[in-house]
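S.K.: My questions are about this predicted structure, shown below with the sequence.
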Amino acid sequence: MKNSSFFRAACMVALFTPLCSIAQTSVTGPIFTDGPGYRRFSVGVNGGLLAPVAPTGGSNDFTKWKAQAGYGAYVKYQILHSLGIQANYTGGKLAGNNDRKLGNGKMPDRDVNSFETSLKWSAGLSAVVNVATINWMYKKNAVQIYVSAGGGLAGYSPRISSQVEGGTMEEYKKEGIIKEFYVPIGAGLKFKLSESVNLDLGYTMHYVDGDNLDGFNYGPNRDKFSYGYAGLEFPLGKRTKPALNWQNPARVMYDEMAQQKANLQSELEASRALNTKLTADVDKLMADADGDGVSDYFDKCPGTAAGTKVDGSGCELPKDTTPKQIITKVTITEDDRRLIKDAIQNLEFETAKSSIKANSYPSLDKVAEMLRTKGFSLKLGGHTDNVGNATKNMALSKDRAESVKQYLVEHGANPSKIEAVGYGANQPIASNKTAAGRQKNRRVEFTIY
C-alpha cells in the first residue's frame, strides 16, 4: 500500500509542478504567453526498443532482459516556450529470462524461467520541460534538451514458461488484459531539421504500480520498463508562425529591451531637441538689447537711449511740454487783512439790487490793486436776510458776489483767482428779527488766501 501511494504521489507531483511553473512564469510578459504568434500543437511518431529494466530501479524478476521492438506516438500542446503537455501512446513487447547466473556464480532456481509480455497499449499524460538550449545567442534554436514526467495507464498480457514444463509459454492471466497505473520519467534531445520536422531522440522509464508486468511476483520491488526511441515531430499550423518551443525567450527579451532602449533614446533625443528649441525661444523673448525693459521680440523702437521712459511697444513716451506753474508762498499781512475789513464795512448795494454804490469804490480799488500786485486768491460769499422769497434771496446773494468780482476784474484782478458764491439766508451771523440783525446779515464776505 505504501509503495502504491508513493507512485501515485509522484505522478501528482509530476503533473502539478509544471502548472506551478506556469503561474510563476506567466508574469514575465508577452514573450512567454504570446499564443496567437506561435504554433503550439505538434504530433510525433517514434520507434525503438523496449526493455524490462530501468537504470534508476534495476531489473525486474528475471536475471536477464531482452530488448524488443517498440513504437509510440504523441500529441503535444506547448503552453510556454519551456513547458508543454504531452499525451503519449506506447506499444510493443517485453521479454526476459533467467539465463544469467547470480552473483554467486549459480544459476537461479526459480519456478518461472522466462516471460514475454505484449504491451497492448500504454496511454499517459506528461509535462515536458525544455531544460536547456544549445545556443542562447539566437532567437531560434537548433537543439533542445528536455525532461518529462507524468502518469498513465498500461494494458498488457504476460506469457510465462516454467522450467518444469520445459519452457512452454502460457498465459499468465487467462481472463484478459492486466491494467495498471504507471509513472513515466524521461529525457531526450530534439533537433530542428526544418520549420516542419524535428528529430526526436529520447529515453523514458516507466514505473508500474504492480508486480505483474513480467508474470512473476518475486521480491518486494514493483516492475518497471524503459523505452529508448527515435522519431519525428511535426508542428501543426501555418509555417509562417514559428513553433513556440523553439523560441529563445532570453534572446527575445533582450531584443525587446534593446528596442525599448532605442525608443527611449529616440524620445530622449526628441525631448532634448525640443528643450533646445524652447530655450532658444525663451532667450529670444528675454533679449533686451537697449535695456528699456521691453523684449527685442516686441520692441518696435529698438535702440532707445538708456534711461528713456518707454511704453509697452518700446517707444519713447511723449514728453510733457506744459509749463510748470511756479507756486510762490503767499504771505498775508495785518495791513492786508485791515484793507479787506475796510472793504467789507464800506461795501453797500442798492436796495434789493446787486448794483454797488459809488461810495464803495475806493475800498474796492485798493482790494483790486492788492490782488493784482500780490497775487492773492479771493473768495466772495454773498449773504442776505430772510425777508422775502428764499429763491430770490439766493439769486440776489449770488449776483452781489458776482458784481464785486466783476468790479475787481475790471480793475485788473485775475478772474481765475476770484470765486463768487451765493449763500442766500442760510448762514446768518445775527438775528433776522431785528433791523440791526438783518442789516448785519445782508453782507458780502471777503476771504483771501
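M.R.: Done, it's in.

S.K.: Can you spell out which helices and strands pack onto the lengthiest helix in the chain?
M.R.: Longest helix of the chain, by residue count under DSSP state H: helix 249-286. The criterion is 3 or more C-beta pairs under 8 Å, 6 or more residues apart in numbering; DSSP states H and E, and the helices and strands that helix 249-286 contacts are helix 30-33. (C-beta placed from N, C-alpha, C; glycine too.)

S.K.: which stretches of this structure form helices?
M.R.: Taking DSSP H as the criterion, the chain carries its helices at 2-25, 30-33, 249-286, 334-346, 361-374, 390-410, 435-441.

S.K.: From Glu350, how far out is the residue of the chain most remote from its centre?
M.R.: Relative to the mean C-alpha coordinate of the chain, counting by C-alpha atoms, centre = their mean, the farthest residue is Asn359 (101.6 Å). Using C-beta to C-beta, to the nearest Å, we find Asn359 at a distance of 12 Å from Glu350.

S.K.: How about Lys66?
M.R.: From Lys66 to Glu350 the distance is 167 Å (C-beta to C-beta).

S.K.: Show me which of these two is the more surrounded one.
M.R.: Lys66 (19 against 9; other C-beta atoms under 10 Å).

S.K.: Provide a list of residues in contact with the more buried one.
M.R.: With contacts defined as C-beta atoms under 8 Å, 6 or more residues apart in numbering, Lys66 is in contact with 51, 95-97.

S.K.: Now, those that are in strands?
M.R.: Those of the contacts of Lys66 mapping onto strands are 51, 95-97, per DSSP state E.

S.K.: Which of those sits closest to Lys190?
M.R.: Ala51 (22.3 Å; C-beta to C-beta).

S.K.: For that closest one, give me its contacts.
M.R.: Neighbouring residues of Ala51 by C-beta under 8 Å, 6+ apart: 65-68, 94, 225-226, 228.

S.K.: I'd like the contacts of Lys66 as CSV, with pLDDT appended.
M.R.: Compiled in CSV, those are given as follows (pLDDT from 0 to 100):
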residue, pLDDT
Ala51, 95
Ala95, 93
Gly96, 91
Asn97, 90
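
S.K.: among those, who's most crowded?
M.R.: Most neighbours among those, by other C-beta under 10 Å: Gly96, with 24 neighbours.

S.K.: And it, how far from Val53?
M.R.: Counting by C-beta to C-beta - Gly96 and Val53 are separated by 8 Å.

S.K.: can you check Lys173 too?
M.R.: Separation of Lys173 from Val53 (C-beta to C-beta) stands at 22 Å.

S.K.: between the two, which one's more packed in?
M.R.: Comparing Lys173 with Val53 by other C-beta under 10 Å, the one with more neighbours is Val53, at 20 against 13.
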